[in-house]
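[1] quick one, fold the following:
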Amino acid sequence: MYTLPSVIVSGCKVICCEILEIDMTLPANPYILLKGIVYSPKGEPLPHAAVEVLKIDKSVYPEEERSIGVTFTNEEGSYGITLPRCVPYDYKLVAYSALYCLKRSTD
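    As a prediction, the model looks like this:
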């Protein structure tokens, strides 16, 4: 049975480092599936968080970043997105905590 490569990074590690670089080799498919869980600083799964996907063009100097979309986490803080494998591009994911709209009472 083939086991998919995975990387687990704690929320505290992300907060302390601000930027985290992870190098890994993925199978040679035309698309890759990135999935994960967004955690709060307290280590709890974060529902309804936004995860922005940026494509980084490393063929130019300075490198150029372009936002290519946003996905959201489910009730358990999980997200998943399929992306084309593109050389010489890298992807960067940026998570934003959920915003809650508060209903203002009118008196």
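
[2] got any ranges where this protein has weak pLDDT?
    1-28, 99-107 (pLDDT under 70).

[3] where do the strands sit along it?
    31-37, 50-57, 64-72, 78-84, 89-96 (DSSP state E).

[4] packing partners of the first one?
    Translated: strand 31-37. strand 78-84, strand 89-96 (3 or more CB pairs under 8 Å, 6 or more residues apart in numbering; DSSP states H and E). All C-beta atoms are positioned from the backbone trio N, CA, C, and that covers glycine.

[5] now the nearest residue to E63 once chain neighbours are set aside, which residues is it bridged with?
    Nearest non-adjacent residue to E63, counting by CB to CB, 6 or more residues apart in numbering: I56, 5.5 Å away. Assessed by DSSP bridges, I56 has beta-bridge partners E65, D90.

[6] what residues are up against I56?
    Residues in contact with I56, defined by CB atoms under 8 Å, 6 or more residues apart in numbering, are E63, E64, E65, Y89, D90, Y91, K92.

[7] from these, pick the one nearest T71.
    Proximity of the contacts of I56 to T71 was ranked by CB to CB; the top entry is Y91 with 12.3 Å.
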